[in-house]
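Engineer: Here you go, sequence then predicted model.
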Amino acid sequence: MARRALTTTAAALTAAAALSLTACGGGSGGSSGEIEGADKDAGSPSASAPNKVADADRPDVSLPKDLNMVFDFDKPSDADEAAALDDSANFIRALKHAIVAQDPNDPAYQFYSRAGAAKYAKSQIEAWVKGGWTATGEDRYYDAATSKSDDAKAVLVTFCRNQAKSYSKDVKTDKIHYTKESAESFLKYRILMQPSADSPGIWQAQQIEVAGKATECRQ
């Protein structure tokens with residue numbers, strides 16, 4: 001995987017007391033501020049092989065067939081960075097799983113997150129539930145990079161998202177709110193990942209920053 005300089009460091013995310021947690025939604029009018037994930041293959045955290053440690057204890061993040069998540073990620077050569085990248089994808093999947101389940105207290109996203117990232121996930125799920133929306137379509141995540149903190153106790157994961165084909169769907173009517181690709185379709189994610197203190201082999205999102213209208217993510 002091509003490594004590149006990161007504009008936000010793991011140390012900076014760790015020290016931040018509060019992050020800017022806004023994301024531009026591509027699902028429908030009124031769904032801005034979302035973070036989405038849809039699973040094409042629930043058993044595979046990324047394009048690379050999944051982290052095999054504690055797989056039997058991982059929560060279910062399966063999703064409906066009309067929801068397709070594409071993680072076009074290259075596997076890092078460093079084992080910790082590869083595991084952190086895989087579980088950052090699982091965190092996004094788990095968040096989407098909770099949206100589909102219409103459950104802000106779904107255990108899956110709580111398994112893959114702590115601190116600010118868990119609070120962010122819950123707020124996004126609550127917004128979808130309050131709006132009466134679930135999700136459909138295809139999400140594409142790509143251009144991932146990883147960087148260890150100086151003490152090697154955390155990994156900063158960054159990646160792009162194109163949500164142009166990811167839509168919201170009314171829970172009661174099944175009406176899909178289609179949108180066209182625009183500047184708001186492209187998001188940039190920065191997620192600080194750390195090993196779980198309770199589940200060996202699991203990496204958890206601690207903090208998340210999502211930037212909307214990410215011009216660097218246009219392809």
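Structural biologist: Yes, it's here.

Engineer: how about the residue nearest to the spatial centre of the chain, secondary structure?
Structural biologist: For the chain, the residue nearest the mean C-alpha position is Ile92 (2.8 Å; Cα atoms, centre = their mean). Here Ile92 is recorded as helix under DSSP: H, G, I helix; E, B strand; the rest coil.

Engineer: show me where the protein has helices.
Structural biologist: Using DSSP state H, the helices of the chain run over residues 10-15, 79-101, 107-111, 115-131.

Engineer: could you dump the longest one to CSV, C-alpha only?
Structural biologist: Once side chains and other backbone atoms are set aside, the C-alpha atoms of helix 79-101 remain, and they are given as CSV (Å, rounded to 0.1, in the frame of the first residue of the first chain):
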residue,chain,number,x,y,z
ALA,A,79,0.4,-6.5,11.0
ASP,A,80,-0.9,-3.9,13.4
GLU,A,81,-1.8,-1.5,10.7
ALA,A,82,-3.5,-4.2,8.7
ALA,A,83,-5.6,-5.2,11.7
ALA,A,84,-6.5,-1.6,12.5
LEU,A,85,-7.6,-1.0,8.9
ASP,A,86,-9.7,-4.2,8.9
ASP,A,87,-11.5,-3.2,12.1
SER,A,88,-12.0,0.4,11.0
ALA,A,89,-14.0,-1.1,8.2
ASN,A,90,-15.9,-3.3,10.7
PHE,A,91,-16.7,-0.2,12.7
ILE,A,92,-18.3,1.3,9.7
ARG,A,93,-20.2,-1.9,8.9
ALA,A,94,-21.4,-2.1,12.5
LEU,A,95,-22.7,1.4,12.4
LYS,A,96,-24.7,0.6,9.3
HIS,A,97,-25.9,-2.6,10.9
ALA,A,98,-27.4,-0.6,13.7
ILE,A,99,-29.1,1.8,11.3
VAL,A,100,-30.7,-1.1,9.5
ALA,A,101,-31.7,-2.6,12.9
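
Engineer: Buried deepest among the helices of the chain, which one?
Structural biologist: Burial of those is given as mean neighbour count (mean count of other Cβ atoms under 10 Å); helix 79-101 ranks first at a mean of 26. All C-beta atoms are positioned from the backbone trio N, CA, C, and that covers glycine.

Engineer: Any stretches of the protein with poor pLDDT?
Structural biologist: 1-56 (pLDDT under 70).

Engineer: any chance you could map the strands in it?
Structural biologist: Along the chain, the segments classed as strands by DSSP state E run 67-72, 133-148, 155-162, 166-170, 176-177, 186-195, 203-211.

Engineer: closest to Val155 out of the helices of the chain?
Structural biologist: helix 79-101 (3.7 Å; Cβ to Cβ).
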